[in-house]
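**Student:** Provide a 3D model corresponding to the input given below.
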Amino acid sequence: MPKHTLDFFGSFKSNKVEKRATTAKNKRKILEIKNLSKSYGDRAMVKNFTYTFRKGEKLGIAGPNGSGKTTLIRLLTGRELPDAGSVIAGETIVFGYFAQESLETIPTGKRVIEGLLS
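**Tutor:** Numbers count the residues shown, from 1 in each chain. Sure thing, here's the model as predicted:
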């Protein structure tokens with residue numbers, strides 16, 4: 001499987017996550033990202049990221065603090081608007097997101113899932 005980086009520039013196509021009906025042609029496509037970019041001032045967090053997630057794929061995001069992991073997740077889930085590019089989610093896609101700030105609400109000694117269910 002090819003590695004993907006966040007290091008190109010593209011044109012603006014949408015300012016929100018779009019929902020599109022699944023057709024026979026793209027049935028296995030669940031999330032399509034095209035030329036996604038986001039910067040804060042002069043600091044580019046995501047640059048021209050393009051990728052199509054297909055049914056059954058899994059995603060892991062790793063990197064040092066400040067590298068853009070949370071920004072990417074916020075862009076993919078529509079919690080933040082991109083400077084450029086688009087995120088197109090399949091009609092039946094529902095995002096689950098647990099913000100890192102939410103860890104403060106989990107009681108000491110409980111697992112994250114236990115805290116969420118309590």
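**Student:** Name the helix or strand for Gly96, please.
**Tutor:** Secondary structure assignment for Gly96, by DSSP states H and E: no helix or strand.
**Student:** ugh, typo on my part, it should be Leu72
**Tutor:** Going by DSSP H and E, Leu72 is in helix 69-76.
**Student:** check contacts around Met45.
**Tutor:** Residues near Met45 by Cβ atoms under 8 Å, 6 or more residues apart in numbering: 6, 38-39, 67-68, 71-72. For every residue, glycine as well, the C-beta is placed using N, CA and C.
**Student:** redo that, cut-off 10 Å
**Tutor:** The contact partners of Met45, by Cβ atoms under 10 Å, 6 or more residues apart in numbering, come to 6, 37-39, 66-72, 74-75, 80, 83.
**Student:** likewise Ala62?
**Tutor:** When contacts are counted by Cβ under 10 Å, 6+ apart, Ala62 touches Lys69.
**Student:** Could you list the low-pLDDT ranges of the protein?
**Tutor:** Within the chain, the segments meeting pLDDT under 70 span 1-27, 98, 100.
**Student:** Spatially central residue in it, please.
**Tutor:** Centroid-nearest residue in the chain: Leu76, 2.7 Å away (criterion: Cα atoms, centre = their mean).
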